[in-house]
Structure formats: C-alpha cells, structure tokens
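Peer 1: model the following, please.
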Amino acid sequence: MSTLEIIAVIVSLIAVSLTIIRHTWCWYFNIAASLLYGDLFFQYRLYGEVLLQIIFVIMSMYGLWVWFKNKQHDHDITVEPLAIKTLVLQLILAAVFGVLFGWGLHQFTNASLPILDAQLASFSLLATYWTSKKHIATWPLWVVVDLIYVAMFVYKGLLLTAGLYGAFVVMAMYGWYMWQQAKTRQQQLIQL
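Peer 2: Below is the predicted model of the structure:
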C-alpha cells in the first residue's frame with residue numbers, strides 16, 4: 001500500500017459518490033482519480049488498465065460536456081432510457097473489443113493478466129459511456145465489473161484498491177437505487 005494508492009482510493013470514492021448523486025463535479029474527480037491510477041497501474045504492469053485510465057480522462061471530459069449541455073434548469077441530471085437491443089449490441093461489441101485488445105496486450109507487451117485486464121477495461125469503457133449518457137444500465141454493469149476487479153486486485157496484491165472496488169460494488173448498487181428513484185420521479189413529472 002503506497003501513498004499514491006491511498007490518495008487514488010480517496011479521490012475515487014469522492015468521484016463515485018458524486019456520480020451517485022448526479023453532481024457534475026464527479027467528472028473532475030474522475031479525471032484526477034484516472035491520472036493517479038494510471039500511474040499506479042503502470043507500476044504493476046496492468047497496461048490495459050493504464051490505457052483505460054487515459055481513455056477515462058477523455059471520457060470524463062466528454063461526460064462533463066454532455067452533463068453540462070443537458071443540465072436542466074433545476075440543476076438535476078435526467079436519467080435516460082437505453083433500448084434493450086442497443087444494450088445487447090453494445091455488450092457484444094465490448095466483449096469483442098476486449099478479446100482483440102487482450103490478444104494485442106498478450107502478443108506485444110509483458111502485461112500481467114492481459115485477457116482479463118483487457119475485458120475489464122473494455123466493459124469499464126462501456127459503463128463509463130453509459131454513465132456519460134445517464135443510462136441507468138451503467139450501475140448493474142459496474143456491479144459485475146467491479147466484483148471481478150476485486151478478485152484481480154487481490155491477486156495482484158493491491159489490497160487497498162481491492163477494498164475500494166468492493167466499496168464500488170456497494171456504491172454501484174446504491175447508485176442503481178438512487179438513479180431508479182430519480183427516473184421514477186422524472187416519469188411522474190412527465191405524467192403531470
């Protein structure tokens with residue numbers, strides 16, 4: 001457990017907490033957390049996760065832009081629907097990308113756990129995209145991805161980060177509940 005890991009954990013917890021309450025500051029904290037974890041993961045040769053953190057910075061800038069662009073006058077971020085056909089197609093594309101990325105990591109780097117690392121990175125990107133689009137489906141996907149991350153980080157000896165991702169599982173379940181409540185309130189307002 002390093003100082004870098006401790007700071008990254010704290011910043012990440014703040015980022016997810018702000019995402020749950022749909023506060024736009026979540027994106028700034030996500031950028032900071034991604035930069036911190038990019039450095040940490042590089043030290044542990046989790047290159048898929050390093051690339052993921054770089055893409056997270058870009059996705060966070062995109063998410064910030066989308067949330068500001070669509071922010072309603074009452075400062076609430078609206079939860080958006082996601083068609084089941086789109087959901088399934090995007091899950092399949094994420095899995096295919098993960099396989100190709102994992103093969104590349106295996107062939108061209110000394111990456112530790114290249115296939116698992118790549119699949120987790122791919123599905124994390126999809127979940128982040130869904131978060132930026134305010135799709136409630138982001139939360140169940142994060143639950144599954146974060147559970148697998150816990151196991152990988154325990155295996156790699158990143159126990160504090162494994163604990164963080166365990167907390168992320170609980171936070172994702174709570175986020176799912178909170179966004180569902182917001183979605184229900186939005187639908188009630190539309191019916192009025």
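
Peer 1: the longest helix belonging to the chain: which residues count as buried?
Peer 2: Counting by DSSP state H, the longest helix found in the chain is helix 159-191. Going by neighbour count (16 or more other CB atoms under 10 Å), the buried part of helix 159-191 is 161-162, 164-169, 171-172, 175-176, 178-179, 182-183. Backbone N, C-alpha and C define where each C-beta goes, glycine included.

Peer 1: closest one of the residues you listed to residue 143?
Peer 2: Using CB to CB, residue 172 is the member of the buried residues of helix 159-191 that sits closest to residue 143, with 4.7 Å.

Peer 1: who touches stretch 143-155?
Peer 2: By CB atoms under 8 Å, 6 or more residues apart in numbering, the residues outside stretch 143-155 that reach it are 113, 116-117, 120, 123-124, 127, 159, 161-162, 165-166, 168-169, 172-173, 176.

Peer 1: let's see it at 6 Å
Peer 2: Stretch 143-155 is touched from outside by 123, 124, 161, 162, 165, 166, 168, 169, 172, with contacts defined as CB atoms under 6 Å, 6 or more residues apart in numbering.

Peer 1: so the third one versus residue 168, what's the distance?
Peer 2: According to CB to CB, to the nearest Å, residue 161 and residue 168 sit 10 Å apart.
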